[in-house]
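Asks: Structure, please.
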Amino acid sequence: MTAVPHEVDLLIVGAGPTGLFAAYYAGFRGMSVAVVDALPEPGGQVTAMYPEKMIFDVAGFPEVRGRDLVSALVKQAGQYDPIYLLGRPATDLSDVDGSLLVGVGAEEVRAGAVLITAGIGEFTPRPLPAGGDWVGRGVVHFIPELAVHSGHDVVVIGGGDSAFDWALALHPVARSVTLVHRRTRFRAHPGLVSKVEDLGIPLIVPAEVAEIRGDDTGVYEVEIEVGGEQRQVLPAQTVVAALGFTADLGPIEKWGLELEKRSILVDSTMRTNRARVYAAGDVAAYPGKVKLIATGFGEAATAVNNIAVELNPDAHLFPGHSSNAG
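Replies: All right, here's what the predicted structure looks like:
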């Protein structure tokens, strides 16, 4: 049998905001914790997709930058020294001698319970048809650091929330920002559209990218087709392809869990149909679910408290308020 290098009370699959808060709360409840994620850094979708964007719907913060929220959550969880197993996916799950055994890359983790906080799962950006040869050389899908694009002419392609978010985030640092969308109507929230319009950021619609041109140093211009007839050339050292992404749960889909589309069905305790396996955050589904970071935080606490009782029937479901712990 393969050696088991890690034995913990709780294995959390997914290091996004919900998983990080769950790591803190499980530590608060006296559990040993390991956190696994296929991404190389904690923060999940926030770190990978919008670390520099402001988040406005986290309780207690009128606004908070994605990177700063993740940093604070890591610090909060760090009080209880969780083990981080990053850059490696959770693969198989099996029941062994009253515990759960989870493959994590080339290793295995034995846990009393598993909490899945995998968000939208493994996601892959939708490609820009004309931009394939320039990905990484001017064409980007995400922007980990705004400063890298300081002084650039930026063309953002897309009409959803992400496209408008990037346009707003880049406007203070770029030389110019232009948004191009293939339809006259946008999927983005009307409030975001209004903010972009109020800043005078050009919106070119309906238009599609015909060609991206560059040299050994990278992209230098984008040719777009407007209204199916007119051609227009825009200077660009950065092209943001904000066309959405495809996502799936990867190996988790084979864990024998009851699924609904790309979500895991849970009950009011956040328990799945499989013993000692729970789910919280965007990956969890139940009637009336609202997918917000704030919702995930509450679900994490609910799951952890119920896990505490399942692992130790003598434990109390509600441990009291953290403000009394001192």
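
Asks: Can you name the residues that contact A300?
Replies: By Cβ atoms under 8 Å, 6 or more residues apart in numbering, the contact set of A300 is 18-19, 21-22, 25, 115, 117, 280-281. In this view, the C-beta of every residue, glycine as well, is placed from N, C-alpha and C.

Asks: Recalculate using a threshold of 7 Å.
Replies: 18, 21-22, 25, 117, 280 (Cβ atoms under 7 Å, 6 or more residues apart in numbering).

Asks: Separate out the buried members of those residues.
Replies: 18, 21-22, 25, 117, 280 (16 or more other Cβ atoms under 10 Å).

Asks: Of the contacts of A300, which belong to helices?
Replies: 18, 21-22, 25 (DSSP state H).

Asks: which one of the residues you listed sits closest to H181?
Replies: Proximity of the ones in helices among the contacts of A300 to H181 (Cβ to Cβ) peaks at T18, which lies at 31.4 Å.

Asks: Return the residues in contact with the closest one.
Replies: 117, 280-281, 296-297, 299-300.

Asks: Would you point out the most distant pair within these?
Replies: Going by Cβ to Cβ, the pair spanning the contacts of T18 furthest: T117 and F297, at 10.6 Å.

Asks: returning to what we had before: let's have the contacts of A300 in CSV, adding pLDDT and distance to G105.
Replies: Listed next are the contacts of A300 as CSV, based on pLDDT from 0 to 100; distance: Cβ to Cβ, whole Å:
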residue, pLDDT, distance to G105
T18, 97, 22
F21, 98, 24
A22, 98, 21
Y25, 97, 26
T117, 97, 18
A280, 98, 23
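
Asks: quick check, nearest of the residues you listed to K254?
Replies: Of all the contacts of A300, T117 has the smallest distance to K254: 18.4 Å, by Cβ to Cβ.

Asks: which residues of the chain score low on pLDDT?
Replies: For the chain, the stretches with pLDDT under 70 are 1-4, 325-326.

Asks: just the ones in helices among the contacts of A300 now: which is nearest L203?
Replies: Within these, the smallest distance to L203 is 34.2 Å, found for T18 (Cβ to Cβ).

Asks: show me where the stretch 101-250 of the chain has strands.
Replies: In the stretch 101-250 of the chain, the strands defined using DSSP state E, counting those that start in this stretch lie at 107-116, 122-125, 139-140, 153-157, 176-180, 203-204, 207-215, 218-226, 230-235, 238-241, 245-248.
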